[in-house]
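>>> quick one: sequence and predicted model below, then my questions.
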Amino acid sequence: MQIVNKNHLKKLLVLICSTVIFLAILLSIYSHNANAQEPYKSSPEIPVTPKGLIEVKMTVIGVDPVKNQLETRLQFELKGIYKKGPTYPAQDLLMTVNGANVEDSEITFKEGKPMIVPALKFNLIEGNINNYPFDTHIAKVAISLDPLASIGKKFAPFQVNPVPLKFKFNADVPGFDISYNPLEENSSIFIYIDVSATRSLPVKFFALVIIVIMWVLSIMALLLALKVMKSGKLPEVGMLSWTGVMLFAFPAIRNAQPGVPPVGTASDFLSFFWTEIIVVVALVIIGSCWLKRYHPPVE
C-alpha cells in the first residue's frame with residue numbers, strides 16, 4: 001500500500017513540475033516575442049510637405065479602470081513653417097482635445113513659447129471592471145491643431161488652414177496590454193482613435209493561479225473535516241487553527257492579485273465567494289466534532 005502511495009505521489013510531483021516548467025516557458029516566449037505595452041499598429045506615414053507639419057507623440061502613462069480614466073502625456077515636434085524652435089511654434093496655435101481635465105476642451109500655445117501640456121486624462125467609455133481579469137477598456141481620443149491669427153501679423157492663406165499632423169503612439173503601463181485603432185474620421189489634420197487597454201498575460205495568469213490555490217486549499221480543508229467527522233476521534237486543535245487562519249487569509253490572497261478592483265469581480269465569483277463558504281463549512285464541522293468529542297481530563 002505504501003508503494004502505491006509513493007508511486008502516486010511521484011506522479012503528482014512530476015505532473016506539477018511539468019506544468020510549472022511549461023507555464024514558465026510559455027511566459028518566457030511571450031516576454032521575448034511580444035511587447036505587451038507597445039502599440040499593435042502604427043499610424044500611416046504622412047509625407048513631409050514643404051509647408052510643414054506637427055508630429056504629435058502620445059504616451060500612455062496610466063490606466064485606472066476604477067476611476068474610468070486613461071492618463072497620457074503629449075509631446076510635439078514641429079517642422080517647416082510651424083517651427084521656430086524644437087518645440088516653439090512660429091505662430092499661436094489652438095489645440096482642441098477631448099481630455100476630461102481640459103477646460104472647454106481647448107489649449108492655447110503662444111508663439112515662441114514651448115508647447116507644454118499637462119498630463120491629459122481621457123474617459124474610458126467602454127468596458128466593465130467587474131470582468132477582471134478579462135476586462136477590456138476603451139477610450140476615444142480626438143486631437144486637432146489650428147493656427148490663431150497673432151496680433152499685428154499676417155499669414156499666407158495656407159497658414160490659417162488646419163495644421164497637418166503626424167501621430168505616434170507609445171504605452172508603458174505595467175499590467176496592461178495597450179493598443180490603438182484609427183477610426184474612420186482619423187485623417188492628416190484630425191487625430192481620432194480608439195485606445196484599448198486589456199490586462200496583460202502575466203496578470204491573467206497570476207489571477208488564475210490565485211483562483212486555483214483557493215480552490216485547492218478549501219477542498220483540502222473540507223476533505224479533512226469530513227475525514228475527522230467519519231473517524232469518530234477527537235480532532236486536533238491545530239486543525240481548527242489551520243482552517244481558521246485560512247478563512248482570514250483568503251481575503252489577503254484575493255487582494256494580492258495585481259490591480260484587482262473591489263469585491264464583486266468575475267474572479268470572485270469563480271473562486272473567492274465559494275471557497276470562503278467551503279472553508280466556513282469545514283471549520284464548523286471540525287469545531288462541532290471537537291466540542292462533541294472533547295472530554296476534559298478527570299483529576
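That came through fine.

>>> make it CA atoms for all contacts and neighbour counts henceforth
Fine.

>>> after the least confident helix or strand in the chain by mean pLDDT, which helix or strand is next?
Evaluated with mean pLDDT, DSSP states H and E, the helix-and-strand set of the chain has its lowest mean pLDDT in helix 2-33, which scores a mean of 57. Along the chain past helix 2-33, the next helix or strand (assigned with DSSP states H and E) turns out to be strand 52-64.

>>> tell me which other helices or strands that following strand touches.
Using 3 or more CA pairs under 8 Å, 6 or more residues apart in numbering; DSSP states H and E as the contact criterion, the secondary-structure elements in contact with strand 52-64 are strand 69-80, strand 165-171.

>>> those into TSV, with extra columns for mean neighbour count, mean pLDDT and distance to A252?
Listed next are those as TSV, based on neighbours: other CA atoms under 10 Å; pLDDT from 0 to 100; distance: least, CA to CA, whole Å:
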stretch	mean neighbour count	mean pLDDT	distance to A252
strand 69-80	19	92	26
strand 165-171	20	92	30
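
>>> distance to I193 added to those, as a markdown table?
Listed next are the helices and strands packed on strand 52-64 as a markdown table, based on distance: least, CA to CA, whole Å:
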| stretch | distance to I193 |
| --- | --- |
| strand 69-80 | 13 |
| strand 165-171 | 10 |
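
>>> give me the buried positions along the strand or helix carrying I277.
Using DSSP H and E, the secondary-structure element containing I277 is helix 273-293. Of the residues in helix 273-293, those with enough neighbours to count as buried (16 or more other CA atoms under 10 Å) are 275-276, 278-287, 289-290.

>>> secondary structure class for K140?
K140 carries the three-state label strand when classified by DSSP: H, G, I helix; E, B strand; the rest coil.

>>> let me see the contact set for it.
Contacts were defined as CA atoms under 8 Å, 6 or more residues apart in numbering; by that measure K140 touches F122, N123, L124, I125, Y192, I193, D194, V195.

>>> can you get me a residue count around the nearest residue to V279 once chain neighbours are set aside?
Ranked by CA to CA, 6 or more residues apart in numbering and with sequence neighbours excluded, the top spatial neighbour of V279 is S218, at 5.4 Å. With neighbours defined by other CA atoms under 10 Å, the count for S218 comes to 26.

>>> and the one 10 residues further on, by the same measure?
Burial of V228, expressed as a neighbour count using other CA under 10 Å, amounts to 19.

>>> how much space between the residue nearest to it when sequence neighbours are not counted and G287?
Distances taken as CA to CA, 6+ apart place P235 nearest to V228, at 6.3 Å, with adjacent residues excluded. Summarising the geometry, the distance separating P235 from G287, computed by CA to CA, to the nearest Å, is 8 Å.

>>> which residues does P118 contact?
R73 are the contacts of P118 under CA under 8 Å, 6+ apart.

>>> that one - that's part of a strand, no?
No: checked against three-state DSSP, P118 lies outside a strand; its state is coil.

>>> distance of it from G52?
In this structure, P118 and G52 are 25 Å apart, going by CA to CA.

>>> check A100 too.
Here the distance between A100 and G52 works out to 30 Å (CA to CA).

>>> which residue of the two possesses the greater neighbour count?
G52 (18 against 15).

>>> from F190, how far out is the closest residue to the more buried one other than its chain neighbours?
Closest residue in space to G52, ignoring its immediate chain neighbours: G80 at 3.7 Å, by CA to CA, 6+ apart. Using CA to CA, G80 is found at 19 Å from F190.

>>> for A197, which non-adjacent residue is closest in space?
Counting by CA to CA, 6+ apart, A197 lies nearest to I178, which is 4.5 Å off, once chain neighbours are set aside.

>>> I'd like the C-alpha coordinates of the helix or strand in which the one you found is found written as CSV, please.
In this structure, I178 sits in strand 176-182 according to DSSP H and E. As requested, C-alpha coordinates have been extracted for strand 176-182 and formatted as CSV (Å, rounded to 0.1, in the frame of the first residue of the first chain):
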residue,chain,number,x,y,z
PHE,A,176,-1.9,46.2,-19.3
ASP,A,177,-1.7,45.5,-23.0
ILE,A,178,-2.5,48.8,-24.7
SER,A,179,-3.1,49.4,-28.4
TYR,A,180,-4.9,51.9,-30.6
ASN,A,181,-7.1,51.8,-33.6
PRO,A,182,-7.6,54.8,-36.0
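
>>> and the angle for that strand with strand 52-64?
Here strand 176-182 runs at 140 degrees with respect to strand 52-64, directions being taken by axes from the mean of the first three to the mean of the last three CA atoms, to 10 degrees.
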